[in-house]
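Asker: quick check, what structure comes out for this input:
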Amino acid sequence: MDAQAEALAFLAKGAGLETRGHKIARVDTHASAVFLVDERALKLKRAVRFSYLDYSTVALREKACRTEFELNRRIAPALYLGVRRITRDAGGKIALDGEGETLDWIVEMRRFDGESLFDRLAEKRALTPALMRDLADEIAAFHRAAERTEGGGGNAMARVVAGNAENLRASACLDQNAVAQLGATTDAALARVTPLLDARAQQGKVRACHGDLHLGNICLFEGRPTLFDAIEFSPELAHIDVLYDLAFLLMDLVHRGLNGFANQVMNRYLDLGGDDEGLAALPLFLSQRAVIRAHVTATAAQQQEGSAREQRELAARRYLALAQTLLVPAPPRLIAVGGRSGSGKSTVAQAVAPDLPPPPGARVLRSDVMRKAMLGLAPETPLPAEAYRGAMGKQVYARMRHEAARVLATGTSVILDATFLDPDARAEAALIAKNAGVPFTGFWLEAPRALMEARLRERRGDASDATVAVLAGQYEAEPGALDWRRLNSTGPATRVAAALRRAAGIQPLTGRAASPRMVDAAEKDGRAR
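Answerer: Okay, here's the model as predicted:
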């Protein structure tokens, strides 16, 4: 940093910008120094070189600044304002975009409240199901619009694995026996999914992505989740499989004990993009994201002293342990949740899904969402009554069966969420599990008719278009003999979900991921939308 001393001192004094009496703040990362000056954030690339990043010369930092600006304007145009020169003239005066030699380059951004960062919101337990739904929508839209790129596939992932392994071996604070064990497990996982990764590359699933999509690179800006700070220093790290991009966010949530939100984001993203076959690669993707955090955190620890260093080293070891855990296989299972409209099926399915291993939990296939997807519509788009008549219902159930079989084949558990009023539909659900060779449990939720009617009247903006009139029609059609386990869904969703877990022999998650607060919030959010 000695070569940047003049530029750093200039920025520390406000870079000649109006401060309006506000104190100038500085935020350091392993690769950047950011100065907060009134309504601006001035980001200087540090003169460092790592195996995956090189900012060691002024020319390289200029290129990185320009690339960062161009890439991030795709996702946060209101945040990224421009690229500025730090100059020194013949008289020694240092300025922004002045005369004379160029000392360094910066990216100028609009300043936002640091408390709006999603990692801070997670720490304060201020994330909500509504926020996570909007975030998943934002990421899905970004990936759809992202440019398709060459490369990717198994060879590209092999290079990622090899580079990460090298960085782990260079991390003195990490147990090298654990590193070696993880390496063997990772190599086996990579070998299993390499044909899938190659196929996905051919299908256009490799795109110009964000590359560093953890909670610290997402903020709540002008009321919307906003992605920023996409990787600019390495096309190989940013031109990746879209699910590998998403995996960083999912891993970050799991690491923080927020499996419920991770499961919600995963399911919403897949509902919008129909990328279920890629789930077979998700454990490897998640594990490698944890590995990245392990060696980056270990590197950052070397820049600290005392207790701060010890805390970072401990965090690095925890990431390493998580990377191994995420590769532990778990046999999938199929659960079906049926019942009349308003019985609470969707809320309970979403509450239980995160508890099914491996993280981030089960794929929830909901008939109401699938119907909209088959028509090319967003889940919350209202449909007329005609869309629920005739052959459409049978087509939806057939699509659910097909998707369930595909997902189970990836090693991921599935929860089917539909009314299942037809005995044949219930029998066919059990047949899916039998053909896949996985356990099956069917649950029938029931509550007083008046309560279900009240729930339907309160519902807003949900994927379901069921009304009180629809519920009345469901009472006219008897479901026949029920061999599924009946659950009284009169009480709070947390209590119903707990009863389902006990009946299905599912171990609940501990900590915030399975907290009643989150389940209750999801229930209230469903009524409010």
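Asker: in which helix or strand would I find P382?
Answerer: Of the helices and strands defined by DSSP states H and E, none includes P382.
Asker: chain neighbours aside, what residue packs nearest to it?
Answerer: Of all residues not flanking P382 in the chain, D465 sits nearest, at 5.8 Å (CB to CB, 6 or more residues apart in numbering). For the C-beta atoms, the positions are set from N, CA and C on the backbone; glycine is no exception.
Asker: check A433 too.
Answerer: F440 (3.3 Å).
Asker: quick revisit: got the phi and psi for the residue nearest to P382?
Answerer: Main-chain torsions, D465, degrees, to the nearest 10: phi -100, psi 10.
Asker: quick one: it from A349, how far?
Answerer: 18 Å (CB to CB, to the nearest Å).
Asker: tally up the residues packed near the residue nearest to A433, please.
Answerer: When neighbours are defined as other CB atoms under 10 Å, F440 has 17 of them.
Asker: mind checking which of D465 and A349 has more residues around it?
Answerer: Per other CB under 10 Å, whichever of D465 and A349 has more neighbours is A349, with 25 against 19.
Asker: go ahead and confirm that one touches V414.
Answerer: No: with contacts defined as CB atoms under 8 Å, A349 does not count as touching V414, sitting 10.4 Å away.
Asker: which neighbours do these two have in common?
Answerer: V364 (CB atoms under 8 Å, 6 or more residues apart in numbering).
Asker: returning to what we had before: mind listing the residues bridging to the residue nearest to A433?
Answerer: L334 (DSSP bridges).
Asker: quick one: contacts for it?
Answerer: With the criterion set at CB under 8 Å, 6+ apart, F440 makes contact with R333, L334, I335, A336, A429, A430, I432, A433, K434.
Asker: kindly report the same for G411.
Answerer: L279, A280, P283, P329, A330, P332.
Asker: nearest to T194 among these?
Answerer: Lowest distance from T194 to the contacts of G411 (CB to CB) belongs to A280, with 11.1 Å.
Asker: and the closest one, how many neighbours?
Answerer: 20.
Asker: now T128
Answerer: 16.
Asker: so how far is P357 from it?
Answerer: For T128 relative to P357 (CB to CB), the value is 25 Å.
Asker: with Q203 instead?
Answerer: Taking CB to CB, one finds Q203 at 28 Å from P357.
Asker: now do G505
Answerer: 13 Å.
Asker: so for those two, which sits in the more crowded spot?
Answerer: P357 (21 against 9).
Asker: name the element that one belongs to?
Answerer: Applying DSSP H and E, one finds P357 in no helix or strand.
Asker: next, give phi and psi for it.
Answerer: phi -70, psi 160.
Asker: for it, which residues are in contact?
Answerer: Taking CB under 8 Å, 6+ apart as the test, what P357 contacts is V328, A330, S413.
Asker: F221 bridge partners, please.
Answerer: R224.
Asker: pretty sure it contacts L79?
Answerer: Yes: between F221 and L79 there is a contact under CB under 8 Å: 6.6 Å.
Asker: show me the domain layout of this protein.
Answerer: Per automatic domain parsing, the structural domains of the chain span 2-111, 118-325, 334-528.
Asker: I'd like these as a markdown table, with mean pLDDT appended.
Answerer: Below are the domains of the chain laid out as a markdown table (pLDDT from 0 to 100):
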| stretch | mean pLDDT |
| --- | --- |
| domain 2-111 | 93 |
| domain 118-325 | 96 |
| domain 334-528 | 89 |
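Asker: which stretches of the stretch 51-200 of the chain form strands?
Answerer: For the stretch 51-200 of the chain, applying DSSP state E, counting those that start in this stretch gives strands covering 53-54, 80-88, 94-96, 101-110.
Asker: what packs against the first one?
Answerer: For strand 53-54, not one helix or strand is in contact under the criterion 3 or more CB pairs under 8 Å, 6 or more residues apart in numbering; DSSP states H and E.
Asker: tell me the spacing between the closest residue to R455 other than its chain neighbours and R485.
Answerer: Nearest residue to R455, sequence neighbours excluded (CB to CB, 6+ apart): G342, at 4.2 Å. Look at G342 and R485: by CB to CB, they are 19 Å apart.
Asker: neighbour count winner among the two?
Answerer: G342 (26 against 14).
Asker: isn't that one up against A450?
Answerer: No: using CB under 8 Å, G342 is not in contact with A450, being 10.1 Å away.
Asker: returning to what we had before: so the residue nearest to R455 is in which element?
Answerer: Counting by DSSP H and E, G342 is found in no helix or strand.
Asker: what sits against it?
Answerer: Contacts of G342 (CB under 8 Å, 6+ apart): A447, L451, M452, E453, A454, R455, L456, A466, L471.
Asker: now swap in A323 and tell me
Answerer: L182, S287, Q288, A290, V291, A294.
Asker: give me the buried entries from those.
Answerer: Neighbour-count burial (16 or more other CB atoms under 10 Å) is assigned, among these, to L182, S287, Q288, A290, V291, A294.
Asker: nearest to G211, of these?
Answerer: Q288 (12.6 Å).
Asker: which strands or helices does the helix or strand that contains that closest one pack on?
Answerer: Assigned by DSSP H and E, Q288 belongs to helix 282-301. Applying 3+ CB pairs under 8 Å, 6+ apart, we find helix 282-301 packed against helix 153-169, helix 176-202, helix 242-255, helix 306-325.
Asker: what count of nearby residues applies to the closest residue to S341 other than its chain neighbours?
Answerer: Once flanking residues are discounted, S341 sits nearest to A466: 3.5 Å by CB to CB, 6+ apart. Applying other CB under 10 Å, we find 20 residues neighbouring A466.
Asker: report the contact partners of L79.
Answerer: Contacts of L79 by CB under 8 Å, 6+ apart are N72, M109, R110, F112, F221, T226, F228.
Asker: make it 7 Å
Answerer: With contact taken as CB atoms under 7 Å, 6 or more residues apart in numbering, L79 is in contact with M109, R110, F221, T226, F228.
Asker: of those, which is the nearest to A238?
Answerer: Using CB to CB, the contacts of L79 come closest to A238 at F228, 13.8 Å.
Asker: please tell me I have it right and that closest one contacts N217.
Answerer: Yes: F228 is in contact with N217 according to CB atoms under 7 Å; the separation is 6.0 Å.
Asker: so the residue nearest to R455 versus A466, what's the distance?
Answerer: The value you get for G342 to A466, if CB to CB is used, is 7 Å.
Asker: give me the common contacts of the two.
Answerer: L456.
Asker: follow-up on the earlier one: just the buried subset of the contacts of L79, written out for ChimeraX, thanks.
Answerer: Here is the ChimeraX selection string for the buried members of the contacts of L79, based on 16+ other CB under 10 Å:
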select :109,221,226,228
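Asker: okay, now I94: neighbour count?
Answerer: Considering only other CB under 10 Å, I94 is surrounded by 19 other residues.
Asker: and if you look at Q303?
Answerer: Q303, neighbours per other CB under 10 Å, totals 11.
Asker: assign a three-state SS to it, would you?
Answerer: Recorded secondary structure, Q303: coil (DSSP: H, G, I helix; E, B strand; the rest coil).
Asker: so the closest residue to it other than its chain neighbours, which of the three states?
Answerer: Closest residue to Q303 apart from its sequence neighbours, by CB to CB, 6+ apart: H30 at 7.0 Å. Per three-state DSSP, the local secondary structure of H30 is coil.
Asker: quick one, what contacts A430?
Answerer: So A430 contacts F440, G442 (CB under 7 Å, 6+ apart).
Asker: quickly note the distance from it to M370.
Answerer: Taking CB to CB as the measure, A430 falls 19 Å from M370.
Asker: got a list of what M400 touches?
Answerer: With CB under 7 Å, 6+ apart, M400 has these contacts: L365, S367, M370, L416, A418.
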